[in-house]
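S.K.: Structural data only, the sequence is not supplied:
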């Protein structure tokens, strides 16, 4: 019975996780370990608390001081994409007119929608930014993660 469980574990481990696992804020290198300490992004005390490294593959998450400032570009792109999507949906479902204030109702809806999604979008932006620099490694069990070269722990909290 023990061999069957091990065989099933081996088969499931060899299957490559899809890129949609990044939407769950998983490590981009192994796509199984959680990047953040808490799983609920709306727990505002733990929203941005990241682990130092992946609990599964030991990939360091802090590649250099101020690394995640670049994630603001991804956050911006996500909010623009969501705004365009809600604009198109509003246009198709409700419509816009010069005779009333429906555009202002959309602006209010879109602002509340983006504000409600902000904790998740911030996490997703960090995951996406790290995925630009750390690729999926099919052999992550045998290959060690790349060493971090430009960290300075004395300056980590100075931002």
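M.R.: Arrived safely, thanks for sending. Values in this document were obtained by computation on a predicted structure and should not be read as measured data.
S.K.: Next up, the contacts around the closest residue to residue 131 other than its chain neighbours.
M.R.: Excluding its sequence neighbours, the residue lying closest to residue 131 (Cβ to Cβ, 6 or more residues apart in numbering) is residue 28, at 3.9 Å. Yep, even glycine has a C-beta here, placed from its N, CA and C like the rest. Each residue near residue 28 by Cβ atoms under 8 Å, 6 or more residues apart in numbering is listed here: 22, 59, 127, 130, 131, 134, 135, 136.
S.K.: Inside helices: which ones of the residues you listed?
M.R.: Members of those lying in helices (criterion: DSSP state H): 127, 130, 131.
S.K.: residues in contact with stretch 87-106?
M.R.: 86, 109, 110.
S.K.: ok, and the residue nearest the centre of the chain, which helix or strand is that part of?
M.R.: Centroid-nearest residue in the chain: residue 124, 2.4 Å away (criterion: Cα atoms, centre = their mean). In the assignment (DSSP states H and E), residue 124 maps to helix 102-133.
S.K.: Since PyMOL is what I'm using, could you give me a select command covering the contacts of residue 28, but only where they're buried?
M.R.: To isolate the buried members of these in PyMOL, using 16 or more other Cβ atoms under 10 Å:
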select buried, resi 22+59+127+130+131+134+136
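S.K.: what would the contacts of residue 28 look like in a markdown table with pLDDT and distance to residue 143?
M.R.: Output for the contacts of residue 28, formatted as a markdown table (pLDDT from 0 to 100; distance: Cβ to Cβ, whole Å):
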| residue | pLDDT | distance to residue 143 |
| --- | --- | --- |
| 22 | 79 | 20 |
| 59 | 88 | 10 |
| 127 | 91 | 21 |
| 130 | 90 | 17 |
| 131 | 88 | 17 |
| 134 | 86 | 12 |
| 135 | 85 | 11 |
| 136 | 83 | 12 |
